[in-house]
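*Asks:* Need the 3D shape of this:
(chains A and B)
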Amino acid sequence: MTRRAMERKSKRLLIYFVIGVVMIIPFFPVLWTFMTSFKSRIDAFSIPPKIFFNPTLKNYLNVLFSRDTTLPRSILNSLILTGGAVILSIVVGVPCAYALARLTFRGKKLLGFWYLFVRMAPPIGIVIPFFLMFQKFSLIDTHVGLIGVYQTLTLPLIVWLIISFIEELPPQIDEMAMIDGCSRLGVIVRIIIPTCKGGIVAAAIFAFVEAWNDFLYILILGGVQSGTATLAIYGYLTTEETMWGPLTASASLVVVPIIVLSVITQRHIIRGLTFGAVKG
Amino acid sequence: MKTKYVAWFLTMPSLSVIGIVVAFPLAYLIFVSLHSYNFAAGTGMNWAGLVNYIDLMRDARFIHSLKVTALYVSVSVTFQVIVGLGIALLLDRPFTGGTAVRTVFILPMVLAPVVTGLIFRTLLLSPIFGFVNYFLTLINLEPIAWLTDLKWALWSVCFIHIWQWTPFAFLVFFASLRGFPAEPFEAAVVDGANAVQMLRHITLPLLWPTIVVVIIMRLIVALRAFAALYAATGGGPGTVTETLNLYAFRTTFTYFRIGYGAAAASILLLITMGLSIFFLRLRK
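*Replies:* You can find the predicted model right below:
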């Protein structure tokens, strides 16, 4: 082997070493959580921490099937609230995104700003007035009320992302369809939605993750009827003790579908993260 | 003429949703912030004008929460951007397994922040059973009560935020670097430029707009941060990690001083609004 080839090879090895080291930091806490979820109580609390242990499904059986567990119901609530919120946002958001991307009208800039601001406003500012209003109209701990509140998480994201997808299509295709006798609504239904299908699905997934991970809204506005999975997980941190097994098992159950969805949308993740400001 | 009606027709549904769930509540928030309204006292809402805001300016705990927020936001954003940029530059060369790297870096970001806070509190940073302290004892260092020690708590919650969100900065920079045209770099190589010169005169200028976008977005998210802090420390010990968010939360929902808490939240919203306007200017 020539010296140059050896140098190149060692350089390459160095790169993989660096990648490995760099990847441990984001990966380890997640891995450790998964591992702990398969540990018995004694293994979980052992010092030094056990890397090798007898895996058990007890924690999972416990959070899913024990008589007094609230997790299955909480997961169902998460699905209802998040799914409902995303569907509503898509239905009202797609036409709006189309208008913002394609038409010129007064107030367009302001409207765009509002959507952005909603997404960026700290939720504490939104939850206080909602708390007061929900009390007045007895909407606390109802699915309808929470799906409404979740619009502040899902709708802006969906509108802005879909704008960025529509802007990538040449405007001529709209014009051609309209010459052929399509109405604007027809353009959206027959052309925009089919062409942007992938983008719309990605936007829906990002919005889903956002609402699925909500904590503050459900903490204040939720309750026994509507409590979501995040609230249930938080419940395993009691004042007397931390229930490590149930906590890590339920956290794993709740995060796995989200990881799967996110990996599916990898291609669009940069756009999703930056609100369409950077196209990856 | 016709476009106007079409635009109205298309935007009305979402406009009414946003109106109901945002415009009205925010107006109501400001309305409440101008009243003295204390659930615990049970006196109902009484007009108070700007009294809440004036009191806030004199409230040592509020001023303290502003300082904590400033520190939390600046430390975590600085680290995220520098570390994210560093890793992106380091990995910006051909290697196989880019997808695997991306997947791993997505993991922290998609965890619910409340879960992140809980994991760090119970599994990683807890004084006795935490993995980090175990690691410290391995290299003969004293264990530290990361989240309950007055000296360490704020740094620890900053670290949690940095852990969760540095991947964001990294992924955006990484994608941006990969999308650069090859010509300027090739020309620089021909001209005999070294790596540092190329970084300073080509890479960073090209990357600058992306860096600004990332900084603004990280600022906004750091200002929104609530759940991870709430789960990890709840603002404690005492008020050491009490950011503006937690201050407004505690004032409103623990002490039930609704009007006062609303005023604090309004100030937070004002700060975010400024940043959003700035971000929108950049995007166009």
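*Asks:* How about the contacts made by A:S262?
*Replies:* A:I205, A:V209, A:I269, B:I106, B:M109, B:V110 (CB atoms under 8 Å, 6 or more residues apart in numbering or on different chains). The C-beta positions use only the backbone N, C-alpha and C, and glycine is treated the same way.
*Asks:* any bit of the lowest-mean-pLDDT helix or strand in chain B sitting next to chain A?
*Replies:* Using mean pLDDT, DSSP states H and E, helix B:2-18 stands out as the lowest-scoring helix or strand of chain B, at a mean of 82. Yes - interface with chain A: helix B:2-18 contributes B:3-4, B:6-11, B:13-15, B:17-18 (CB under 8 Å from any CB of the partner chain).
*Asks:* Give the burial count for residue 41, as a bare number.
*Replies:* Reading this off chain A. 13 (other CB atoms under 10 Å in any protein chain shown).
*Asks:* Actually, chain B is the one I wanted.
*Replies:* Neighbours of B:A41 (other CB under 10 Å): 10.
*Asks:* ok, now A:L57?
*Replies:* By other CB under 10 Å, the residues close to A:L57 number 11.
*Asks:* which one is it nearest to, not counting chain neighbours?
*Replies:* A:F38 (7.4 Å; CB to CB, 6 or more residues apart in numbering or on different chains).
*Asks:* Repeat that for B:F62.
*Replies:* Leaving out its chain neighbours, the residue that sits closest to B:F62 by CB to CB, 6+ apart is B:L56, at 4.8 Å.
*Asks:* can you dump the C-alpha coordinates of the helix or strand harbouring the one you found into CSV?
*Replies:* Following DSSP states H and E, the helix or strand that holds B:L56 is helix B:51-58. The C-alpha trace of helix B:51-58 is given here as CSV (Å, rounded to 0.1, in the frame of the first residue of the first chain):
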residue,chain,number,x,y,z
VAL,B,51,-51.2,48.5,37.5
ASN,B,52,-50.2,44.8,36.8
TYR,B,53,-47.5,45.9,34.4
ILE,B,54,-46.2,48.6,36.8
ASP,B,55,-46.1,46.1,39.6
LEU,B,56,-44.3,43.6,37.5
MET,B,57,-41.5,46.1,36.8
ARG,B,58,-41.0,46.4,40.6
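*Asks:* buried set for the helix or strand containing A:K9?
*Replies:* Element membership for A:K9 (DSSP H and E) is helix A:3-37. Buried residues in helix A:3-37, counted by 16 or more other CB atoms under 10 Å in any protein chain shown: A:19, A:22-23, A:25-27, A:29-30, A:32-33, A:35-37.
*Asks:* For the residues you listed, could you give me JSON lines that also reports distance to chain B and pLDDT?
*Replies:* Compiled in JSON lines, these are given as follows (distance: CB to the nearest CB, whole Å; pLDDT from 0 to 100):
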{"residue": "A:I19", "distance to chain B": "6", "pLDDT": "84"}
{"residue": "A:V22", "distance to chain B": "6", "pLDDT": "84"}
{"residue": "A:M23", "distance to chain B": "5", "pLDDT": "87"}
{"residue": "A:I25", "distance to chain B": "7", "pLDDT": "90"}
{"residue": "A:P26", "distance to chain B": "5", "pLDDT": "91"}
{"residue": "A:F27", "distance to chain B": "5", "pLDDT": "92"}
{"residue": "A:P29", "distance to chain B": "6", "pLDDT": "93"}
{"residue": "A:V30", "distance to chain B": "5", "pLDDT": "93"}
{"residue": "A:W32", "distance to chain B": "6", "pLDDT": "92"}
{"residue": "A:T33", "distance to chain B": "5", "pLDDT": "93"}
{"residue": "A:M35", "distance to chain B": "10", "pLDDT": "93"}
{"residue": "A:T36", "distance to chain B": "6", "pLDDT": "92"}
{"residue": "A:S37", "distance to chain B": "10", "pLDDT": "94"}
